[in-house]
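Asker: Okay, structure incoming, though there's no sequence with it:
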């Protein structure tokens, strides 16, 4: 990673975000899911989407925290005389989900689908929930590595279960209008191993024990999943004969990127000295929301751009160029790449297979 690339992610342009809560178009009639929506970026994102008229489902593991968050969001708007009519605001719904237990992920998806009903929709899924680097972290209920389970595999399962609804909504929406947002990290390019995820990890997850590598690789994994969901949609449509090389399908856009560095609860899992050393460069979480808004709503985010390996960085910008080995990991061996992204996707499929059907 070049000095300039790192610098612009640590110190992004002042007031450079193209989409903010002040200029976000009305989201009345749209439906969103925000995982981990009771705190940090997820809380502020849920607030902004609700304020713009969206129907927001908050998926989280702590019911009391979510209920408190919903109450605070409603008070936020009640306390501000902004001329916003109550009818112009959206709604907030709580669904329990613990990413460390795939059974609850499956149940959360089913509850959402039942709540929306046969005529329901889902315009954007924000796989926001995640964890920082945790030393000696416990395994999930199904025996999966902690960082990968919370940051990536659980989100893979949730996305798989919701893809039919997302695809149905995409078919009824303008091209590139339905999105899945996958948060990554600047540490993807700074700390992940060659090819992003070690092949030995996929063969034996216990072979990697360093929490910093596990964290950075689990965030790299989200980029791999975004790429593979996109590529496999394209392949499926070509097989079905619904697209041609000159015409991309109106599918679901999966975009990954680094939302930035912010003061959130993710720092509670790292040593205190790390937090205090990093604190001067941490920003208010609302700026991370601005990155999410760009990823979810910007016209510059297209199926074609993501298919070509596009990766977002903070405040709503395209990364100028990731590490070569990571870009090659997005491609199959027949394309001159390592195929690691495809291997990881298949590994996730095997890991969650008992909860997909």
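Answerer: That came through, no problem. All values derive from a computational prediction rather than experimental measurement. Residues are numbered from 1 along each chain as shown.
Asker: in this structure, which spans are strands?
Answerer: 31-35, 55-60, 91-96, 124-126, 179-183, 253-257, 312-313, 317-318 (DSSP state E).
Asker: can you count the residues close to residue 4?
Answerer: Number of residues near residue 4 (other Cβ atoms under 10 Å) recorded here: 9. Bear in mind the C-beta positions are built from the backbone N, C-alpha and C, glycine included.
Asker: and it, how far is that from residue 278?
Answerer: Taking Cβ to Cβ, to the nearest Å as the measure, residue 4 falls 20 Å from residue 278.
Asker: circling back to that earlier point, JSON lines for the strands of the chain, including mean neighbour count and distance to residue 287?
Answerer: Listed next are the strands of the chain as JSON lines, based on neighbours: other Cβ atoms under 10 Å; distance: least, Cβ to Cβ, whole Å:
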{"stretch": "strand 31-35", "mean neighbour count": "27", "distance to residue 287": "17"}
{"stretch": "strand 55-60", "mean neighbour count": "26", "distance to residue 287": "20"}
{"stretch": "strand 91-96", "mean neighbour count": "18", "distance to residue 287": "22"}
{"stretch": "strand 124-126", "mean neighbour count": "28", "distance to residue 287": "16"}
{"stretch": "strand 179-183", "mean neighbour count": "27", "distance to residue 287": "14"}
{"stretch": "strand 253-257", "mean neighbour count": "27", "distance to residue 287": "14"}
{"stretch": "strand 312-313", "mean neighbour count": "26", "distance to residue 287": "12"}
{"stretch": "strand 317-318", "mean neighbour count": "17", "distance to residue 287": "12"}
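Asker: Mean pLDDT and distance to residue 302 for these - can I get that in TSV?
Answerer: Formatted as TSV, the strands of the chain follow (pLDDT from 0 to 100; distance: least, Cβ to Cβ, whole Å):
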stretch	mean pLDDT	distance to residue 302
strand 31-35	98	20
strand 55-60	97	25
strand 91-96	96	30
strand 124-126	98	15
strand 179-183	98	11
strand 253-257	97	7
strand 312-313	96	12
strand 317-318	94	11
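Asker: Turn those into CSV, columns for distance to residue 9.
Answerer: Converted to CSV, the strands of the chain look like this (distance: least, Cβ to Cβ, whole Å):
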stretch, distance to residue 9
strand 31-35, 23
strand 55-60, 27
strand 91-96, 31
strand 124-126, 20
strand 179-183, 13
strand 253-257, 10
strand 312-313, 5
strand 317-318, 9
